[in-house]
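Asker: With the input below, show me the fold.
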Amino acid sequence: MEFLESAEHSFAIFTLLHFTIGRTASVAFAIINHLPLHLYLPLAWGYDYIQIPVYGFLLERSSRIPLLRWVGTRVKLASEGWKQRKFVQRVSSWGDVGIVLLCALPIRGFGVLSATVLTYLLGKNRVRGTILLLLGSMLGISLTLGLTMGALDIWWMVKGR
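Answerer: From the prediction side, this is the model:
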């Protein structure tokens with residue numbers, strides 16, 4: 001555990017988790033390892049804020065930049081598949097609330113990328129889409145915080161018996 005006691009190592013692991021596995025993993029890592037949440041939770045939100053314009057840029061420019069054409073092709077294929085799924089149809093019908101909820105879900109496969117694609121498919125403008133995604137990110141961080149803290153409380157109650 002000496003490896004995690006270093007602030008640099010904890011920061012690096014948090015960052016790697018956030019950008020590879022997702023927000024849920026990074027926030028849970030911060031909570032479980034007793035990292036200062038007043039620093040790491042805003043950092044997770046900031047990381048999500050960084051991802052939004054990057055994903056938006058890739059989606060908007062995918063058809064114009066030859067190197068990114070495969071992104072456009074993948075988005076078109078994914079959107080065709082998404083339109084057939086009942087869950088996505090239901091979330092799409094909720095409009096702005098659906099985008100926020102899709103971004104907030106602390107489940108692998110949802111989050112900023114999925115919500116950015118949905119925002120793009122629904123034709124939301126950049127400012128409105130970014131605000132919706134940031135609200136979803138904040139809600140997702142809060143959900144992860146609550147679920148992880150609750151699970152840890154139950155763990156310590158059961159272990160204490």
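
Asker: So which bits of the strand or helix carrying Leu58 are buried?
Answerer: In the assignment (DSSP states H and E), Leu58 maps to helix 37-61. Residues 37, 40-41, 43-45, 47-48, 51-52, 55-56, 58-59 are the ones in helix 37-61 that count as buried (16 or more other Cβ atoms under 10 Å). Where you see a C-beta, it was placed from the backbone N, CA and C, and this is true even at glycine.

Asker: wait, isn't Gly140 in contact with Ala25?
Answerer: No: with contact defined as Cβ atoms under 8 Å, Gly140 does not count as touching Ala25 (12.0 Å).

Asker: Could you check which of those two has the larger neighbour count?
Answerer: Gly140 (29 against 17; other Cβ atoms under 10 Å).

Asker: Name the single longest helix found in the protein.
Answerer: Across the chain, the helix with the greatest residue count (assigned by DSSP state H) is helix 126-159.

Asker: Name the next helix or strand downstream of the helix or strand of the chain with the lowest mean pLDDT, please.
Answerer: One helix or strand of the chain scores below all others by mean pLDDT, DSSP states H and E: helix 2-5, with a mean of 64. For helix 2-5, the succeeding helix or strand toward the C-terminus, using DSSP H and E, is helix 7-20.

Asker: Sweet, I'm off.
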